[in-house]
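K.L.:
Below is the structure, and that's it, no one-letter string:
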């Protein structure tokens, strides 16, 4: 009986010491989870290149479609606002009577990016500048040009975005304005 009491007493003392040992463990707060912010390049500068297909809408001849391509340099001011200057060429539209039309534009553009906390960033934009319209073996003209844009950028890495977009452009010249609708694919290299 004495042995049983001694065993019970030892068990009670052991449990008490074990509880005291647990109480002496240092407190460790749960880890803090930090939500990742969208990656914005350090300098804000970027280069872009675009190619696509342009659909001419012109009352001076028949409508046609042709290749368009160009490039530019831009700057991101913050998560929502960026601007760029783009030089683009569209051309060899068959406008009838054996003549081809081509256009060159230089535009300053302003974009509003809509953050989504994903790799996809939709945007809308507008641009203004100057455009030149040239007809083979015929007249050339130039004038104020404006554009309206919408699309989405896909973040491929911290320094590269793929851009898919639509752009309407209007070159105001003497006579019928040269208008086109463009479907563009581009790449932005961020610095």
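P.N.:
That came through, no problem. Fair warning: this is a prediction, and the values are worked out from it, not measured in the lab.

K.L.:
Nearest residue to the middle of this structure?
P.N.:
Residue closest to the mean C-alpha point of the chain, counted by Cα atoms, centre = their mean, is residue 153 at 3.0 Å.

K.L.:
Check the model's average confidence along the helix or strand hosting that residue for me.
P.N.:
Secondary structure assigned from DSSP states H and E places residue 153 in strand 140-155. When pLDDT is averaged over strand 140-155, the result is 96.

K.L.:
Check which residues of it are buried.
P.N.:
If you call a residue buried by 16 or more other Cβ atoms under 10 Å, then strand 140-155 has these buried ones: 141, 142, 145, 146, 147, 149, 151, 152, 153, 155. From N, CA and C alone the C-beta is placed, and that goes for glycine too.

K.L.:
same thing with stretch 182-191?
P.N.:
In terms of neighbour count (16+ other Cβ under 10 Å), stretch 182-191 has its buried residues at 182, 184, 186, 187, 188, 190.

K.L.:
any idea how far residue 74 is from the residue nearest to the centre of the chain?
P.N.:
If you measure residue 153 against residue 74 using Cβ to Cβ, to the nearest Å, the figure is 12 Å.

K.L.:
Now for these two: what residues contact both?
P.N.:
By the contact definition Cβ atoms under 8 Å, 6 or more residues apart in numbering, residue 153 and residue 74 are jointly contacted by residue 188.

K.L.:
My read is that residue 160 contacts residue 154, right?
P.N.:
No: counting by Cβ atoms under 8 Å, no contact exists between residue 160 and residue 154, whose distance comes to 9.6 Å.

K.L.:
contacting residues around the spatially closest residue to residue 102 that is not a sequence neighbour?
P.N.:
Distance criterion Cβ to Cβ, 6 or more residues apart in numbering; nearest residue to residue 102, sequence neighbours excluded, is residue 91 at 2.9 Å. Contacts for residue 91 were tallied using Cβ under 8 Å, 6+ apart; they are 66, 67, 68, 100, 101, 102, 103.

K.L.:
Can you tell me the element residue 91 falls in?
P.N.:
For residue 91, the secondary-structure element it belongs to, assigned by DSSP H and E, is strand 81-96.

K.L.:
Can you tell me the strand partners of that strand and which way each runs?
P.N.:
Using DSSP bridges, strand 81-96 pairs in its sheet with strand 65-76 (antiparallel), strand 99-113 (antiparallel).

K.L.:
Now do stretch 85-93: distance to the chain's middle.
P.N.:
Relative to its chain's centre, stretch 85-93 lies at 20 Å (Cα atoms, centre = their mean, to the nearest Å).

K.L.:
which parts of that stretch are buried?
P.N.:
For stretch 85-93, burial by neighbour count (16+ other Cβ under 10 Å) applies to 86, 88, 90, 91, 93.

K.L.:
which one of those sits closest to residue 80?
P.N.:
residue 86 (19.7 Å; Cβ to Cβ).
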